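Colleague: sequence below, structure please.
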Amino acid sequence: MSKIDLKKELRHLYVPSTKEVVLVDVPQMNFLMVDGRGDPNTAQEFQDAMEVLYGLAYGIKFGLKKKGLGPDYSVMPSEGLWWMASGGEFDLEIKDEWLWTLMIMQPDHITKEMFDQAKAELKAKKNPLALNKVRFEPFHEGLSVQIMHIGPYAEEKPTIEKMHIFIKEQDYRPRGRHHEIYLGDPRRTPPERLKTVLRQPVEKA
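Modeller: Now for the predicted structure:
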């Protein structure tokens, strides 16, 4: 059975430059999604969301592999959309006010029916707390700017500022939500070596 690696096929979206901000046009893709609120370092809601997302992502993958359906594929990294409960500009310091959507992208051949089947099987096996919060839906980000941040999540601010300077210089303005893609596992990777794609949707000013 063939195997696809979407992170390689979509390299321009998942492995951007670490040195310069670039414009990208992000197509519509399907995601597993869970909404929540609070500091990811302390909120149990965040840990529950991560648990169920990966449980479903791997459940779908191995369920299809066991049945010999479709190409095998690598599970994609977790991603997060971030914004403020106050509605103001995203602030790295006020973590208790963070609202977020955690998500994992799914290959094109994955359907809502496959998601529903994996969800039912996961409920029968473990029934994680956040299972009823997960949804499967398309997300179209469109024109965006992005850059790779290397280092701890807490030290993203200069990289985010660089991204917003670029937005202003190119006569764009931010729209939508601050987006992060987590390419490293913080449980196994030293903080200084973590790789995070930082992305911001934009529109002409």
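
Colleague: now do the helices in the protein.
Modeller: Listed from the start of the chain, the chain has helices (DSSP state H) covering 6-9, 11-14, 44-67, 112-125, 157-169.

Colleague: tabulate those (TSV), appending mean pLDDT.
Modeller: Conversion of the helices of the chain to TSV gives the following (pLDDT from 0 to 100):
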stretch	mean pLDDT
helix 6-9	92
helix 11-14	96
helix 44-67	95
helix 112-125	96
helix 157-169	97
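
Colleague: please identify the most buried of those helices.
Modeller: A comparison of the helices of the chain by mean neighbour count, using mean count of other C-beta atoms under 10 Å, puts helix 44-67 on top with a mean of 18. For the C-beta atoms, the positions are set from N, CA and C on the backbone; glycine is no exception.

Colleague: so which elements touch that one?
Modeller: strand 29-37, strand 72-73, strand 78-84, strand 98-106, helix 112-125 (3 or more C-beta pairs under 8 Å, 6 or more residues apart in numbering; DSSP states H and E).

Colleague: what lies in contact with that helix?
Modeller: The contact list for helix 44-67 (C-beta atoms under 8 Å, 6 or more residues apart in numbering) reads 1, 32, 34, 36-40, 70, 72-73, 75-76, 78, 100, 102-104, 106, 110, 114-115, 117-119, 121-122, 126, 128-131, 133-134.

Colleague: just give me how far it sits from the chain centre.
Modeller: Its chain's C-alpha centre and that of helix 44-67 lie 14 Å apart, by C-alpha atoms, centre = their mean, to the nearest Å.

Colleague: coming back round to it: what would the helices of the chain look like in CSV with distance to Arg177?
Modeller: Formatted as CSV, those follow (distance: least, C-beta to C-beta, whole Å):
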stretch, distance to Arg177
helix 6-9, 22
helix 11-14, 16
helix 44-67, 16
helix 112-125, 23
helix 157-169, 13
